[in-house]
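Undergrad: I would like the atomic coordinates for the input below:
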Amino acid sequence: MWGIIPIKILNQAKHRLKHVLCPEERQKFFMAMFEDVLSTMMSVPDFEQVAVATICPAASIIAKKYGATVLSTSQDEGQTDAVRRSAEILDAKGISSMLVIPGDVPLVTVEEIKIVLELHEKAPSMTIVPAYDELGSNCIALSPPTAVPLSFGPNSYFPHLETARKLGLAMQTPKLPGLGLDIDTPEDLLKLSRQTVCTRAQEYLLKKNIVERLNNK
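TA: The predicted structure follows:
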């Protein structure tokens, strides 16, 4: 099993937060979330490799700092294309399974990833963790990596389930709170700030007084 984190060019990240964070803040906040996710995935002993799917030089530097592999996605056309390209690369290498987690779920834990891996069944199979609102797909394990054509976005969870059912895949759909919170909106920033754990992303919000700024709006 390979762990995959698809990452856009960092200076283009999190445009939906542009009304509350300036471009530099968005970039640095996303980098903090990315490091939270990457450091957690690197701590999971079950992965044969952890790879960052990106063409972003800054993301590649962070990946190498943690000892992760960099999979070049040729061009930056979004999460869906980055994951599709990664699946094709792994399939060509003879890798039997992959687990995809986006870079904006800073509360993910090693324990949650282990739950996903333990629940994941033999190929052909998919294990998918929804966002807390059951709209987005915040973690997907696939065996083989090309078992389902993935298409990410704010309403991807149920279409992924339907496609997997039509293809006859064995499926598991655990709901996990850390993986369930992806950070896209000011409301998500407030939810993140209220958690008792201490991540790099939360530290950045505190350092920049971003939560106080939101509460004063």
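
Undergrad: could you use CA atoms for every contact and neighbour count after this?
TA: Noted.

Undergrad: please, which helix or strand holds residue 214?
TA: Assessed by DSSP states H and E, residue 214 sits inside helix 210-215.

Undergrad: buried residues of that helix, list them for me.
TA: For helix 210-215, a neighbour-count test (16 or more other CA atoms under 10 Å) marks 210, 211 as buried.

Undergrad: one more: stretch 121-129?
TA: Neighbour-count burial for stretch 121-129 flags 121, 124, 125, 126, 127, 128, 129 (criterion: 16+ other CA under 10 Å).

Undergrad: now stretch 92-111
TA: In stretch 92-111, counting by 16+ other CA under 10 Å, buried: 95-110.

Undergrad: again with stretch 38-55
TA: 38-42, 44, 47, 49-55.

Undergrad: try stretch 194-206
TA: Residues of stretch 194-206 classed as buried: 199, 200, 201, 202, 204, 205 (neighbour count, 16+ other CA under 10 Å).

Undergrad: now these as JSON lines including distance to residue 133 and secondary structure?
TA: Shown next, in JSON lines, are these (distance: CA to CA, whole Å; DSSP: H, G, I helix; E, B strand; the rest coil):
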{"residue": "199", "distance to residue 133": "22", "secondary structure": "coil"}
{"residue": "200", "distance to residue 133": "24", "secondary structure": "helix"}
{"residue": "201", "distance to residue 133": "21", "secondary structure": "helix"}
{"residue": "202", "distance to residue 133": "21", "secondary structure": "helix"}
{"residue": "204", "distance to residue 133": "25", "secondary structure": "helix"}
{"residue": "205", "distance to residue 133": "23", "secondary structure": "helix"}
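
Undergrad: nearest to residue 186, of these?
TA: For the buried residues of stretch 194-206, the residue nearest residue 186 by CA to CA is residue 205; the value is 11.6 Å.

Undergrad: I'd say that closest one and residue 193 touch.
TA: Yes - counting by CA atoms under 8 Å, residue 205 does reach residue 193; the two are 7.5 Å apart.

Undergrad: where along the protein do the strands fall?
TA: Assigned by DSSP state E, the chain shows strands spanning 2-6, 49-53, 69-71, 98-100, 125-130, 137-143, 170-172.

Undergrad: show me what stretch 100-116 is in contact with.
TA: 3-7, 30, 33-34, 36-38, 40-41, 43-44, 83, 127, 138-141, 174, 176, 178-183, 197, 199, 201 (CA atoms under 8 Å, 6 or more residues apart in numbering).
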